[in-house]
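Chemist: Below is the sequence, then the predicted model.
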Amino acid sequence: ALAYISGVKGSVLVSSSTFITVLLAPFVVKEDKFNRGKLFALILGFAGIIVANIDKGFDLNFTLRGEGFMLISGAFTALVETLIKPKGKGIAAPVITWGQLLFGSIPLIVIGYIGLEHKLNWNAAAVMLLIYSAIISAVAFILWYELLKVNDAGELAIYRLFIPIFGSILSAIFIPGELFTAYLVLGLILVVLGIMVLNTVGRKKYTTDN
């Protein structure tokens, strides 16, 4: 899907899983209630993503292969995150991660091999990058699933809004031609404000309701 949309639109659509998680969580976990604090935190966070990319171009075109699959991916990510706490308490996070990466990668490899027009050129650099990516992904998923076991998915999901912001910051640092702009700083500030609202208004409301 990322090959058919811009990086800007990808960073915005990636955050769709955050919204779906917050909206879906109350139906799966009774304790994970939705309130105005969470809604305001979501609005601030998503506004931060938009602002961070405002000078890079954004359009409203929609295709199933691009934007459609990004939203479908976000929906499945949200479903997994909401089910981890009630269904995955007795399963170790490394086991969940191993199963996800193994059984998720097999169909992707098969489909990619069949449908790929240009075959991959395997060399030492490609293998090292693949191993590096696998290790980073595995560690990130293990830590995330451990957090999901002891925290409400609706509250924790909002922290995912940092991902595209940090991605833009790291791109500005390491990729030639990428700039660190005032929009990026403002976007980061909005996301941080969203997290602050979540940890004050959202949780106070939750405490009052209970």
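Modeler: On my side now, so go ahead.
Chemist: what pLDDT, on average, does stretch 72-89 get?
Modeler: Mean pLDDT, stretch 72-89: 80.
Chemist: can you list contacts of that stretch?
Modeler: Residues outside stretch 72-89 that contact it (C-beta atoms under 8 Å, 6 or more residues apart in numbering) are 1, 13-14, 16-18, 20-21, 24-25, 28-29, 32, 96, 100, 145, 148-149, 151-153, 156-157. Quick note: C-beta positions are derived from backbone N, CA and C, even for glycine.
Chemist: try 6 Å
Modeler: With contact meaning C-beta atoms under 6 Å, 6 or more residues apart in numbering, stretch 72-89 is reached by 16-17, 20-21, 24-25, 28-29, 96, 145, 148-149, 153.
Chemist: Past whichever strand or helix holds residue 132, which element shows up next along the chain?
Modeler: Using DSSP states H and E, residue 132 sits within helix 124-150. The helix or strand immediately downstream of helix 124-150 is helix 153-156, counting by DSSP H and E.
Chemist: tell me the mean pLDDT for that next one?
Modeler: 76.
Chemist: so after it, what's the next helix or strand?
Modeler: As assigned by DSSP H and E, the chain's next helix or strand after helix 153-156 is helix 162-174.
Chemist: That following helix packs against which elements?
Modeler: Counting contacts by 3 or more C-beta pairs under 6 Å, 6 or more residues apart in numbering; DSSP states H and E, helix 162-174 packs against helix 36-52, helix 182-197.
Chemist: can you tell me which of those helices comes nearest to residue 112?
Modeler: helix 36-52 (28.3 Å; C-beta to C-beta).
Chemist: how about the closest one: buried residues?
Modeler: Within helix 36-52, the residues that count as buried by 16 or more other C-beta atoms under 10 Å are 37-38, 40-42, 44-52.
Chemist: Between the residues you listed, which sits nearest residue 137?
Modeler: The closest of the buried residues of helix 36-52 to residue 137 turns out to be residue 49 (C-beta to C-beta; 21.7 Å).
Chemist: Residue 15 is in contact with that closest one, correct?
Modeler: Yes. Judged on C-beta atoms under 6 Å, residue 49 makes contact with residue 15 at a distance of 5.3 Å.
Chemist: Please read off the pLDDT at the residue nearest to residue 155 when sequence neighbours are not counted from the model.
Modeler: Nearest residue to residue 155, sequence neighbours excluded (C-beta to C-beta, 6 or more residues apart in numbering): residue 198, at 6.2 Å. Residue 198 is assigned a predicted lDDT (pLDDT) of 72.
Chemist: Same question for residue 135.
Modeler: Residue 135 is given a pLDDT of 91.
Chemist: Could you count how many residues lie near it?
Modeler: 10 (other C-beta atoms under 10 Å).
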